[in-house]
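Engineer: quick one, structure for this:
(chains A and B)
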There are 2 protein chains.
Amino acid sequence: MRLSELSERSGVSTATIKYYLREGLLAPGRRISATTAEYDESHLRRLRLVRALIQAGRVPVATAKEILGHVDDESLGRTIRLGAALWALPQEPEPDERDPAVQSARHEVDRLLESLGWESARELSTLSPVHRSLVSAVATLIRLGYAWDAELMAPYAQLMHQAAVRDLDFLEKHPSEEEKVETAVAAAILFEPVLKALHRLAQEEESARRYGIE
Amino acid sequence: MRLSELSERSGVSTATIKYYLREGLLAPGRRISATTAEYDESHLRRLRLVRALIQAGRVPVATAKEILGHVDDESLGRTIRLGAALWALPQEPEPDERDPAVQSARHEVDRLLESLGWESARELSTLSPVHRSLVSAVATLIRLGYAWDAELMAPYAQLMHQAAVRDLDFLEKHPSEEEKVETAVAAAILFEPVLKALHRLAQEEESARRYGIE
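Structural biologist: Sure thing, here's the model as predicted:
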């Protein structure tokens, strides 16, 4: 398809598409003459992801470029390729290791992962910022004087693991590695807010079932 | 306990506690002389929640005051009291009803809730901003060209319902209505980031189990 059709089908203006091409967020089309290029479904898909990153995820252009670089990096194994793309997304602030709450949190997270048998997550912990995000979130809880109860937490982790199994089953339906990673990034930005809203809505539903509405 | 002890046990400076007292975020202590007042465990608990709201939740003082007003409102039934406190937390931006993506999203959310049998959530939808947050999050997905698949979504909603059952079981362990609502607010601010990090970590674990690490 031509640029005009790509614009129409994606809902992104031709000026913006040209800007994405210039910034390297979108691969150039196949040149068919000095002034025209031909685009395909992969451009449309990539454009959708760029919009998700920039518009919904409020990711800066440089970060979007970094993420897409990982999406396209065929030298990586699937776990690291998925990871690298997701790890470049904005994360929780780094935990301050001098803070005693961070030290307790790190200990608690280690114990939790051990009790769950999440060996790979522990192994990835030096590489992945997700582990640090969890430590950071738990440290905030502890710092503000709330108790951390590992036994209470394990069943939640197991529910999240059931969600992750579904996530990956869904990814596997996508034919190419590139599409799998693209989908994982889009899901992190677009689906996590859906999940959070579903959780809060489920709390309302459950509260109303137990205590009525009035 | 005296103000100095309240400060020490909460880790909040006396100047900040005095500011919270002046702003009505904390109930006055029991006067025991012209210059001293006595504080109890309920003050300590409330102070912890105020810090969670303001420091971790980045909630403005006026909003914190509104939330605490609902926490203390004994005239409300439990569902609405829990709801009102949580509904005052910052939410997703309101959906724009003129946007066709919002209309499709509303339709999809209705169908999902119907298929799940979440009658109360539907009934509460005019009152609760959570329903609108879900519509908003789904609309963003649709607007950016991603498909919404109700059949794919239902199992995630059921996982979130299992989490909600645990959430409410945990609340019920707290003796007073006030503590229940306080805990629900603290959990929304402090526990949701933990759950999100657990979800991402579970994805890494599952990916490494299926595809190895390298």
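Engineer: and the angle for the longest helix seen in chain A with helix B:177-211?
Structural biologist: Of all the segments of type helix in chain A, defined by DSSP state H, the longest one is helix A:177-211. Interaxial angle of helix A:177-211 relative to helix B:177-211 (axes from the mean of the first three to the mean of the last three C-alpha atoms, to 10 degrees): 150 degrees.
Engineer: so which bits of helix A:177-211 are buried?
Structural biologist: Within helix A:177-211, the residues scored as buried using 16 or more other C-beta atoms under 10 Å in any protein chain shown are A:177-178, A:180-191, A:193-209. C-beta here means a position set from N, CA and C on the backbone, and glycine is covered the same way.
Engineer: over to stretch A:120-129?
Structural biologist: Buried residues in stretch A:120-129, counting neighbours by 16+ other C-beta under 10 Å, are found at A:Ser120, A:Ala121, A:Arg122, A:Leu124, A:Ser125, A:Ser128, A:Pro129.
Engineer: could I get these as JSON lines with secondary structure and pLDDT?
Structural biologist: Below are these laid out as JSON lines (DSSP: H, G, I helix; E, B strand; the rest coil; pLDDT from 0 to 100):
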{"residue": "A:Ser120", "secondary structure": "helix", "pLDDT": "93"}
{"residue": "A:Ala121", "secondary structure": "helix", "pLDDT": "92"}
{"residue": "A:Arg122", "secondary structure": "helix", "pLDDT": "92"}
{"residue": "A:Leu124", "secondary structure": "helix", "pLDDT": "89"}
{"residue": "A:Ser125", "secondary structure": "helix", "pLDDT": "88"}
{"residue": "A:Ser128", "secondary structure": "coil", "pLDDT": "88"}
{"residue": "A:Pro129", "secondary structure": "helix", "pLDDT": "91"}
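Engineer: now the helix or strand A:Ala105 falls within against helix B:177-211, angle please.
Structural biologist: Using DSSP states H and E, A:Ala105 sits in helix A:100-116. Helix A:100-116 runs at 60 degrees relative to helix B:177-211, counting by the same axes, to 10 degrees.
Engineer: and the contacts of helix A:100-116?
Structural biologist: The contact list for helix A:100-116 (C-beta atoms under 8 Å, 6 or more residues apart in numbering or on different chains) reads A:95-97, A:121-122, A:131, A:134-136, A:138-143, A:148, A:150, A:153-154, A:157-158, A:161, B:201.
Engineer: repeat that for 6 Å
Structural biologist: A:95-96, A:121-122, A:134-135, A:138-139, A:142-143, A:148, A:150, A:153-154, A:157 (C-beta atoms under 6 Å, 6 or more residues apart in numbering or on different chains).
Engineer: repeat for stretch A:76-96
Structural biologist: By C-beta under 6 Å, 6+ apart, the surrounding residues in contact with stretch A:76-96 are A:66-67, A:70-71, A:102, A:128-129, A:132-133, A:135-136, A:139, A:181, A:184-185, A:188, B:207-208, B:211, B:213-214.
Engineer: and the end-to-end length of that stretch?
Structural biologist: End-to-end span of stretch A:76-96 (C-alpha to C-alpha, to the nearest Å): 31 Å.
Engineer: avg pLDDT for it?
Structural biologist: Confidence for stretch A:76-96, expressed as mean pLDDT, is 87.
Engineer: how far off centre is it?
Structural biologist: Stretch A:76-96 has its C-alpha centroid displaced from the chain centroid by 8 Å (C-alpha atoms, centre = their mean, to the nearest Å).
Engineer: now it: buried residues?
Structural biologist: Neighbour count says stretch A:76-96 has A:76, A:78-89, A:91-92, A:95 buried, by 16+ other C-beta under 10 Å.
Engineer: also stretch A:135-152?
Structural biologist: By 16+ other C-beta under 10 Å, the buried positions in stretch A:135-152 come out as A:135-146, A:148.
Engineer: greatest separation within those: which pair is it?
Structural biologist: The largest separation in those, counting by C-beta to C-beta, is between A:Val135 and A:Gly145 at 17.8 Å.
Engineer: cool, thanks, talk later.
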